[in-house]
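Asks: I'd like to go over a predicted model; first the sequence, then the structure.
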Amino acid sequence: PGAPWVLLAPKVWTYNLRCHECFATNTFSCIDIRTCPYHLRRCLTVSIRVNAREILIYKDCTFNCTFVYREEQMPEAPRARYWATNSFYWVHCCNTMTCNHGGPTNLERDIVPEEAIEEELGGTVRLGEATLFLSVASVLVSHALT
C-alpha cells in the first residue's frame, strides 16, 4: 500500500495552491495567504521602484510566468532622463505552496537616504564675491532714485 495522498486524483493535489497576497511599500513581508482559484497555479511577486526612497511590492496568484522568460519579455521601456534604470526592481514566480514569501535581502541597501538636491543657478554668485560691483551698483541706483 502506498501513501494515501499518492492515490488521490491529480485534480485534488495539483491545484488549490496557496500564495501570499498583498500590496506593500518597502517591505517584502506579507502575512496574508489566499487559496488560488482553480485555474491559477503560480505564485507571483513583482516589485517596482517609484523613486529613490520607495519600492512597491505586489504578491498574488497568477496564471503563468511567461514574462520571466527572455523570449517572452517586452522590450525595455525608454529610460527616464534623470534615472540610470527603469522602474523595474525584482520579480519572482514559482509554483509551490506559499513560495512567494520574502524577497531579496538587499532592499535596505537599495533605498537611498534622503538628500537635498542642489542645482547651480546661472548668474548667481557666492556671498562675498563681486562685492565691489554690487556696492558701486547700489550707490549708483540710490543716487539715481534721489
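Replies: Yep, that arrived. These figures come from a predicted structure and were not determined experimentally.
Asks: can you give me the strands in the chain?
Replies: Listed in chain order, the strands of the chain (DSSP state E) span 18-20, 22-25, 33-35, 42-51, 54-62, 88-94.
Asks: Out of the ones you listed, which is the most enclosed?
Replies: A comparison of the strands of the chain by mean neighbour count, using mean count of other Cβ atoms under 10 Å, puts strand 18-20 on top with a mean of 22. C-betas here are computed from N, CA, C, even on glycine.
Asks: which secondary structure elements does it contact?
Replies: strand 33-35, strand 42-51, strand 54-62 (3 or more Cβ pairs under 8 Å, 6 or more residues apart in numbering; DSSP states H and E).
Asks: hang on, the earlier thing: nearest to Leu145, out of the strands of the chain?
Replies: strand 42-51 (48.4 Å; Cβ to Cβ).
Asks: Report the inter-axis angle for that closest one versus strand 54-62.
Replies: 160 degrees (axes from the mean of the first three to the mean of the last three Cα atoms, to 10 degrees).
Asks: What strands flank strand 42-51, and is each parallel or antiparallel?
Replies: Paired with strand 42-51 in the same sheet, following DSSP bridges, are strand 54-62 (antiparallel), strand 88-94 (antiparallel).
Asks: now that strand: mean pLDDT?
Replies: Across strand 42-51, pLDDT averages out at 89.
Asks: just stretch 99-116 next, same as before
Replies: Stretch 99-116 carries an average pLDDT of 74.
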